[in-house]
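Peer 1: what follows is a predicted protein model with its sequence.
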Amino acid sequence: MKERYRNRIELLQGTLDLLILQTLRWGPRHGYGISRAIQSQSGDVLQVDTGSLYPALHRLERQKWIRAEWRLSENNQRVKLYQLTKAGKKQLASERSRWKQLQEAIGGILDPGAMESET
């Protein structure tokens, strides 16, 4: 059991919002579909528990960055589909920009020689 969690990466606060918005950029999905997309696109490194996912979805909905709508699935079950809004697309662009800055800053600390060679 411990082995399963050894390579698990805890998400930085706010990173889950970015991942959800990015996932919805690919099209509307229900909660489980969002979770599976994050897991598969990360090569099974990132796993989002429902205890983290649904509060994040509700928060993003309150921010008006996503909207939800009940629909019938292929198996005739009611599912709540989440979709990116226009405001959500703007927020995603902003989040992606901040993520890039964070990535470069951390890279500069982990590999200071690379930063010096670029200047």
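Peer 2: That came through fine.

Peer 1: excluding sequence neighbours, find me the nearest residue to W65.
Peer 2: Excluding its sequence neighbours, the residue lying closest to W65 (C-beta to C-beta, 6 or more residues apart in numbering) is G88, at 3.5 Å. To be clear about C-beta, it is placed using only N, CA and C from the backbone, and glycine gets the same treatment.

Peer 1: now the helices for this structure?
Peer 2: Here the chain has its helices, by DSSP state H, at 2-6, 15-25, 31-41, 50-62, 86-110, 112-118.

Peer 1: which of these is buried the deepest?
Peer 2: helix 15-25 (a mean of 20; mean count of other C-beta atoms under 10 Å).

Peer 1: now what about that helix, what contacts it?
Peer 2: Contact with helix 15-25 is made by 11, 29, 34, 37-38, 41, 46, 48, 52-53, 56-57, 59-60, 65-66, 82-84, 88-89, 91-92, 95-96, 99, as judged by C-beta atoms under 8 Å, 6 or more residues apart in numbering.

Peer 1: OK, contacts around Y82?
Peer 2: Applying C-beta under 8 Å, 6+ apart, the residues near Y82 are I20, L24, P28, R29, H30, G31, I34, L57, E61, I66, R67, A68.
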